[in-house]
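Student: here is a sequence with its predicted model. Questions after.
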Amino acid sequence: MYRQLKSLQQLSRRTISSSVRRQLDNTVKQKQKLFQEDNGMPIHLKGGSKDALLYRATMVLTVFGSGYVVYELFSAAMPKKPQ
């Protein structure tokens, strides 16, 4: 029993220590240069088309949600008359 646990411990230690880490490029400087550039664009749209799509989707949901809240408030304030 002890021998099996010991071999399992060695196997797990070997697996963790020998795993290769992915090397990621540091893109912070490039992003800083992009976002600090004065090109007349708002900061929330400087990230590209993905940011523009997220911005438009947020605006659509906000306008739709606000309209729905106003509709529900009016329908709650003026209940239907019984016939």
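Tutor: Perfect, I can see it now.
Student: can you give me the distance of residue 72 to residue 80?
Tutor: Plainly put, residue 72 is 14 Å away from residue 80 if you go by C-beta to C-beta, to the nearest Å. In this view, the C-beta of every residue, glycine as well, is placed from N, C-alpha and C.
Student: who has more neighbours, these two?
Tutor: residue 72 (10 against 6; other C-beta atoms under 10 Å).
Student: now do that one, the pLDDT please.
Tutor: In this model, residue 72 is scored at 95, pLDDT.
Student: before we move on, what about the one 5 residues further on?
Tutor: The pLDDT attached to residue 77 in the predicted structure is 93.
Student: ok, residue 1 next?
Tutor: Value for residue 1, per-residue pLDDT: 76.
Student: that one: neighbour count?
Tutor: Neighbour count for residue 1, taken as other C-beta under 10 Å: 5.
Student: with residue 49 instead?
Tutor: Counted with other C-beta under 10 Å, the neighbours of residue 49 add up to 8.
Student: quick one: residue 74 from residue 68, how far?
Tutor: Remark: distance between residue 74 and residue 68 (C-beta to C-beta) = 11 Å.
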